[in-house]
Structure formats: structure tokens, C-alpha cells
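Visitor: task: produce atomic coordinates for the following.
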Amino acid sequence: MPALSIRNVVKRYGAAEVIRSLSFDVSPGEFIVFVGPSGCGKSTLLRMIAGLEDFQAGEVAIDGRVVNGLAPWQRDIAMVFQDYALYPHMSVAANIGFSLKMAGIDRKAVAAKVDRVAQVLQIGHLLDRKPKALSGGQRQRVAIGRAMVRDPKIFLFDEPLSNLDAKLRVDMRAEIKQLHQRLGATMIYVTHDQVEAMTLADRIVVLKEGRIEQIGTPSELYRAPASRFVASFIGSPAMNFVPVEVADGAITLPGGERIPTPSAHAGRASFGIRPEHLSLGGDGPALRGTISLVEPLGADTLVTIASGEERVLARLPGDVAPVPGEVVALTFDPGRGALFSVEGRRV
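Guide: Numbers count the residues shown, from 1 in each chain. Sure, this is the predicted structure:
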């Protein structure tokens, strides 16, 4: 039985349809990430699951029980928000145990649960502090602990790391992944950061304008994107796209070079190749142009070439030192490319 089942849910604000008949299942213990640009509906969908947003059609079921008409506290879920939402006048221990206290649970039982959760999150030494005495990462651990103490069926995370600096985001991302491995709990996580999605998820739901573009493992989305949108959103740096013509079983690149293709598509299309799949020199077809920008990153060097009106980015080894203005050929393995129709679907 799925831990969560979404069936044909529709959400409208007036005449605007922001969630468009979505359906998918989440397995018990799975870590699912909703990802997409701002306004795609990912946070709205999460709030619908939590019971914080109503919807006009469809069905949400948790552990086989339809929860459409249930209040948030009746759904056996716990939510971690972007802004922590801690009570400033309460200690860390009181914040974590507040929901249990309100449920009338015995004080000793509450203290034992709070202590267990604090040890898992490595904040046992902070239990007597107030939120103002904590760092951003510590506050986020307290917010996660407040969710954990309830032993919910599903954890919901709404961009919980957005307020943290870059290094702390990386650290907290690792902690959330390790927490999931220890608990084996069902978790649903919303982010606009595709790196977070790739590193955390068992499966990713890519959303665009209230629709599901693709659902798959991080590897599936990276290696076999179903659309140009998914190909451009998953992967960092983003995939390159160049206009091509397809005819007689061959793709004609901007420079006139032809490469064979099994695709039955004919006419205009876009050929996509990831920056890390391009190299200087070597065998194979090539995209030729003039180096316009070199960005040394230590282990890697990002090189941008101008090929006519197109810009192509390559991720090269860090010891490569090309010179702006140099004319180069970026070679690639055609089998690592992807062909997309003018409508954006993979062909």
C-alpha cells in the first residue's frame, strides 16, 4: 500500500488553475523531492497534502485512508517550514515537546521522547537554550526535532534550508539525508535547488506550471530527460542546446557536420549535450567556436565558446588553461546527446 496516493488533484485560484490533475504514489520509506521553478505549484501541492490548502477535485490518501476532509492535525503528518516557526519564549526542549504536551501526554514520557530526538539530532546540549541563542542550523534541527517527536507517518519539508548560508546548507543537506537513512521514514521535500533534489531524493517529481514533467530517480532524470525543460533544470551547469536539422537519418550541427541518428524525427530540432560531456580535442563530432569566457574553479574549468549566435559551455579539467579568443573544437560522444523537438519533447 502506498504511504501517500495522489489522484487527479486540481487546485484553482479563481480562474487560474495552478495544479492540473496530478496523480502519483509515494512508497513507504521513500524520499520524494518536488522540484521546479518559482510558481510551478510545488509548495501548493505540499500544503494540499498537509491539509493547509483545499482543492477543487481529486483525492489525497495517506496509508490508504482518504484525508480530503480531515484537518491537518488529523492526518498524522509533520511539517518543517522554511522559517522554523519556533516559540521564542520557550526552551529548545519545550519547543520540541510542545505538541506532545498539548496532546496531554505524561510529562516523563514527553521528556524521554524529547531526549531521544535530541540525541539523534545531536542537540542534547542545547535543550535549555532559547531559540535566540541558537545558530540557523541549530534552529533548523530544533524544527526537525519538533516534527520527529510526533512519529508521523509522513514528514513534509517546505524549502527548509533556504534561509541558511551556502556551507550550512551543504552540511544540513547531509544531515537530513542521514536522518532519513536512520529513520526509514517517508519524506516529501520541496526545493527549487536541483542540487538539493539530486543529492537527497530517491525519486524526483519535476513540476512545470502545475503539471508533472517527469518522475524518476536522479540518475534517470539526468541520463534520460523526457523534455528539454527537465534536461535544462536537472544538472549543473545546465545542458547546452544547439539548433539542428534532422533529415535522412542524420543530424546536421550548426557547423555543417552530420552525425547519424536512429530518430525518425525530421526537420528542425534542438541537440542537447551536457558541459561535462564535452572535451578539447579527441575523436568524434565537434562543436566549433571561439572561446569567449574562461572560469577557473580549481578542480574544473568552465569554458564558454561562441559558435555563431550560440553559446556552448564545457566543463573541462582544472589543469586545462585555454585562452579567450582561441578557436577550438569541443568534441563529444553522440550517444551522450539528446534530441528535442521544437515543442520541447525528447525525440
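Visitor: Glu213 is in contact with Val230, correct?
Guide: Yes: in this structure, Val230 is within contact of Glu213 by C-beta atoms under 8 Å, at 5.3 Å. All C-beta spots, glycine's among them, are computed from the backbone N, C-alpha and C.
Visitor: higher neighbour count, these two?
Guide: For Val230 versus Glu213, neighbours defined as other C-beta atoms under 10 Å are more numerous around Val230 (24 against 21).
Visitor: so where does the more buried one fall, helix or strand?
Guide: Assigned by DSSP states H and E, Val230 belongs to helix 228-233.
Visitor: I'd like the distance between the residue lying closest to Leu127 once chain neighbours are set aside and Pro2.
Guide: Distance criterion C-beta to C-beta, 6 or more residues apart in numbering; nearest residue to Leu127, sequence neighbours excluded, is Ala93 at 4.1 Å. According to C-beta to C-beta, to the nearest Å, Ala93 stands 35 Å off from Pro2.
Visitor: and these two? which has more neighbours close in?
Guide: A count of neighbours by other C-beta under 10 Å puts Ala93 above the other of Ala93 and Pro2, at 22 against 16.
Visitor: I'd assumed the more buried one was in a helix, is it?
Guide: Yes: under DSSP: H, G, I helix; E, B strand; the rest coil, Ala93 sits within a helix.
Visitor: distance check, it against Ile176.
Guide: Note on Ala93: its distance to Ile176, by C-beta to C-beta, is 22 Å.
Visitor: cool, and Gly104?
Guide: 30 Å.
Visitor: more neighbours: the two, which one.
Guide: It is Ile176, of Gly104 and Ile176, that has more neighbours when counted by other C-beta under 10 Å, with 24 against 6.
Visitor: what do Val230 and Glu213 both touch?
Guide: Jointly contacting Val230 and Glu213 under the rule C-beta atoms under 8 Å, 6 or more residues apart in numbering are Val206.
Visitor: Ser307 and Ile291 touch, don't they?
Guide: No: judged on C-beta under 8 Å, Ser307 makes no contact with Ile291 at a distance of 10.7 Å.
Visitor: count of neighbours near Ala61?
Guide: Neighbours around Ala61, by other C-beta under 10 Å: 17.
Visitor: what's the answer for the one 4 residues further on, then?
Guide: When neighbours are defined as other C-beta under 10 Å, Arg65 has 13 of them.
Visitor: do the same with the one 10 residues further on
Guide: Look at Arg75: counted by other C-beta under 10 Å, it has 19 neighbours.
Visitor: and it, backbone torsions?
Guide: For Arg75, the backbone dihedrals (degrees, to the nearest 10) come out as phi -90, psi -10.
Visitor: going forward, begin numbering at 3 instead of 1
Guide: Noted, 3 is the first residue going forward, which turns the last one into Arg77.
Visitor: pLDDT score for the nearest residue to it once chain neighbours are set aside?
Guide: Spatially, and ignoring its direct neighbours in sequence, Arg77 is nearest to Val69 (5.0 Å; C-beta to C-beta, 6+ apart). Val69 carries a pLDDT value of 96.
Visitor: with Phe100 instead?
Guide: Looking at Phe100, its pLDDT is 92.
Visitor: so it sits against Met92, correct?
Guide: Yes: using C-beta under 8 Å, Phe100 is in contact with Met92, at 7.0 Å.
Visitor: counting neighbours, go ahead and name the busier of the two.
Guide: Between Phe100 and Met92, counted using other C-beta under 10 Å, the more crowded position is Phe100 (17 against 14).
Visitor: what helix or strand is that one located in?
Guide: helix 94-104.
Visitor: ok, now which ones touch Gly41?
Guide: Glu211.
Visitor: try it again at 10 Å.
Guide: Val20, Leu209, Lys210, Glu211, Gly212 (C-beta atoms under 10 Å, 6 or more residues apart in numbering).
Visitor: and if you look at Gly38?
Guide: The contact partners of Gly38, taken as C-beta under 10 Å, 6+ apart, are 44-45, 47, 192-194, 196, 199, 206-215, 231-232, 235.
Visitor: which of these count as buried?
Guide: Listed as buried from those are 44-45, 47, 192-194, 196, 199, 206-210, 212, 214-215, 231-232, 235; burial here means 16 or more other C-beta atoms under 10 Å.
Visitor: wait, is Lys179 part of a helix?
Guide: Yes: using three-state DSSP, the assignment for Lys179 is a helix.
Visitor: where's it relative to Ala228, distance?
Guide: 26 Å.
Visitor: quick one: which of these two has more around it?
Guide: More neighbours surround Ala228 than the other of Lys179 and Ala228, with 19 against 15 (other C-beta under 10 Å).
Visitor: who does the spatially closest residue to the more buried one that is not a sequence neighbour form a beta bridge with?
Guide: Nearest in space to Ala228, with sequence neighbours left out and distances taken as C-beta to C-beta, 6+ apart, is Gln216 at 4.4 Å. Note on Gln216: beta-bridge partners by DSSP bridges are Val208.
Visitor: and Gln216, what does it touch?
Guide: Counted by C-beta under 10 Å, 6+ apart, Gln216 has contacts 206-210, 222-223, 226-229, 231-233, 235-236, 348.
Visitor: ok, 8 Å please
Guide: Val208, Leu223, Pro227, Ala228, Ser229, Val232.
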